[in-house]
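[1] Sequence first, then the predicted structure:
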Amino acid sequence: MSRSVPLLSGSRVVAVPLGEDDIVLRPPPPPEHFVDVPAAVRDALAFPLSGPSLADRVHRGARVTIVVPPPALPLPGAQVDPRPVALATLREELARLGVDDESVTLLVAGGLARRVGRRDLERLLPPTKAREFRGHVEVHDASDESLVPLDGCAARIHPAVVEADLVLVVSSAETVIDGGPGALVAACDAATVRSAAAAQSLVQASGEPVWRLALRIEAAVAAKAPLLGISLVLDHPRLTGQFRDYPHDPASFEHVLRSPFRRLHSLLPGDIRRRTLGDVGRSLAATAVFAGAPSVAHAEALIRMIDLRGARVPEPLDAIVVGVPWIGTHLPREPLNPVTSAATALGLALRSWRDRFPLRDDGTVVLVHSLTRSFAHGARDPYRALFDRLRAGDDVPGSERSAAADERAIRAYREGRACHPLLPFADWDGCGAVLSRIGRVIVAGSRDAGAARALGFVPSHSVASALEMAHGVAGGQARVGVLLAPPYAPLLVG
């Protein structure tokens with residue numbers, strides 16, 4: 001009897017046929033234990049993994065800077081998220097210790113992503129707490145000339161970090177570069193943030209230059225002011241409602257595939273499909289909270305996260321099928337273009353591995369997405385410029401140097417109208433860490449063969465034809481894994 005699994009392809013849900021020996025890479029069932037976030041944050045601040053408690057680090061009237069990365073991960077996010085509650089609890093603890101809001105600066109460290117606007121800023125705290133907050137809010141500008149040099153490294157960082165009496169980093173453990181000391185990297189100059197893009201594995205700190213960079217920046221900041229990190233361990237975003245068992249329960253696959261909702265949904269216009277998926281109920285829960293030096297708290301939380309969410313792969317595969325959701329990895333959320341589609345599947349999903357890369361040498365990636373060249377006007381101009389250069393076969397390093405000096409593009413970034421012109425190159429560099437290890441990428445369901453070929457990919461009309469090509473490359477019978485998305489599970493190989 002043939003088997004199929006539902007997989008997101010942009011805003012559509014497609015059926016992927018499974019062979020007898022194929023495996024489905026999905027997150028494990030939800031944990032039974034969740035924590036009371038306010039209580040867990042207070043306990044972590046009182047009993048950190050390293051160093052003195054918050055009460056012993058701060059004095060009444062101290063100037064405090066709280067570094068917060070935008071909650072872009074895990075994909076696709078959720079309406080119920082414990083991170084705003086954690087930040088609100090920290091604010092209450094500071095007030096209890098004699099630090100008023102007027103002495104607090106909330107620094108939103110978004111790296112090279114488009115600078116977040118008022119709506120996203122208001123979501124960093126619960127609604128009532130956001131209205132009550134009277135402190136300073138700074139949205140980091142990676143091209144700001146007032147960034148301050150750090151001793152012992154070439155980086156420059158936001159002045160609110162080095163001028164504070166206490167620096168706090170509040171994040172969740174997602175990758176080695178998202179959260180923890182990576183939040184300090186995201187508060188640095190554009191060149192430093194850009195240099196953090198080439199990690200081979202996003203969930204394995206050992207041997208990663210980006211982790212060593214984060215540790216150097218953390219040490220330089222700690223030499224200026226006391227530094228404390230708070231890291232949350234989050235479960236995967238879980239669906240609510242009738243599809244709440246997807247994707248961790250295999251019995252839910254048939255329910256999704258046979259649902260009349262899926263067939264009706266596929267008939268809707270693209271904008272409505274994306275809006276409908278965005279409105280589907282999802283929740284995030286915290287299973288643990290750690291405090292200490294940002295690297296210490298983050299490393300412990302990252303280990304717990306991987307154990308909680310990880311999918312095991314017995315040995316490297318011949319081919320892997322990766323679905324691409326309707327949104328990418330950056331805030332504010334925007335529809336995908338060819339570069340961000342590749343960055344989501346290759347740069348995020350296939351770099352989330354531990355111990356060994358999940359594909360053998362010369363393996364095949366089947367990317368399930370239409371991959372049409374759709375670029376949001378204005379906001380995605382830097383991506384359009386990179387895509388045009390890739391299509392023309394231009395020198396990418398030379399193009400990056402030109403983009404870094406483009407004053408018009410930098411002005412659009414500083415005004416919040418577009419991402420930094422270096423972000424597309426950082427995203428494409430993340431793809432390169434995977435492309436250098438594999439044989440080919442086949443785009444299943446490609447509706448724009450020219451866009452696929454511009455990226456060096458092979459277009460294919462359907463998932464079935466793409467899998468047939470993958471089997472042919474493997475000599476007749478490929479070992480295939482299907483990585484469900486979103487959310488992507490970290491891959492524990494071997």
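    Received the coordinates, thanks.

[2] which non-adjacent residue is nearest Gln22?
    That one is not Gln; residue 22 is Asp. Val480 (4.4 Å; CB to CB, 6 or more residues apart in numbering). Quick note: C-beta positions are derived from backbone N, CA and C, even for glycine.

[3] er, Leu150 actually
    Ala220 (3.9 Å).

[4] would that neighbour count as being in a strand?
    No: applying DSSP: H, G, I helix; E, B strand; the rest coil, one finds Ala220 to be helix, outside a strand.

[5] can you count the residues close to Val37?
    19 (other CB atoms under 10 Å).

[6] Next: the one 3 residues further on.
    Close neighbours of Ala40, defined as other CB under 10 Å, add up to 23.

[7] That one: helix or strand, and which one exactly?
    Assigned by DSSP states H and E, Ala40 belongs to helix 37-46.

[8] quick one: that helix to chain centroid distance?
    25 Å (CA atoms, centre = their mean, to the nearest Å).

[9] Check whether Gly481 really touches Val322, as I assumed.
    No: here Gly481 lies out of contact with Val322, judged by CB atoms under 8 Å, at a distance of 9.3 Å.

[10] In the chain, which strand is the longest?
    strand 359-368 (DSSP state E).

[11] Tell me how far the next helix or strand after that one lies from the chain's centre.
    Next along the chain after strand 359-368, taking DSSP H and E as the criterion, comes helix 381-392. On the basis of CA atoms, centre = their mean, helix 381-392 sits 23 Å off its chain's mean C-alpha point.

[12] ok, back up a step: show me which of Gly481 and Val322 is the more surrounded one.
    Between Gly481 and Val322, Val322 has the larger neighbour count (other CB under 10 Å), namely 25 against 22.

[13] Can you give me every residue that contacts the more buried one?
    Applying CB atoms under 8 Å, 6 or more residues apart in numbering to Val322 gives the contacts Ala345, Leu346, Ala349, Leu350, Val365, Val366, Leu367, Val368, Leu483, Ala485.

[14] residues near Ala319, how many?
    Ala319: 27 neighbours (other CB under 10 Å).

[15] swap that for Asp271, sorry
    10.

[16] Now do the end-to-end distance for stretch 481-489.
    Stretch 481-489 has an end-to-end distance of 13 Å (CA to CA, to the nearest Å).

[17] pLDDT weak spots in the stretch 1-150 of the chain?
    1-2 (pLDDT under 70).

[18] Spell out the residue ranges of the strands in it.
    3-9, 12-18, 23-25, 64-68, 104-108, 136-139, 148-149 (DSSP state E, counting those that start in this stretch).

[19] ranking those strands by burial, who's on top?
    strand 64-68 (a mean of 26; mean count of other CB atoms under 10 Å).

[20] Would you format the contacts of Val322 as TSV with neighbour count included?
    Listed next are these as TSV, based on neighbours: other CB atoms under 10 Å:
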residue	neighbour count
Ala345	28
Leu346	26
Ala349	30
Leu350	27
Val365	28
Val366	28
Leu367	30
Val368	29
Leu483	27
Ala485	25
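
[21] wait, Ala489 sits on Val24?
    No: using CB under 8 Å, Ala489 makes no contact with Val24, being 10.3 Å away.

[22] elements contacting the helix or strand containing Ser341?
    Assigned by DSSP H and E, Ser341 belongs to helix 338-342. Where contact means 3 or more CB pairs under 8 Å, 6 or more residues apart in numbering; DSSP states H and E, helix 338-342 is packed against helix 381-392, helix 423-435, helix 449-454.

[23] Now with 7 Å, please.
    Counting contacts by 3 or more CB pairs under 7 Å, 6 or more residues apart in numbering; DSSP states H and E, helix 338-342 packs against helix 381-392, helix 423-435.
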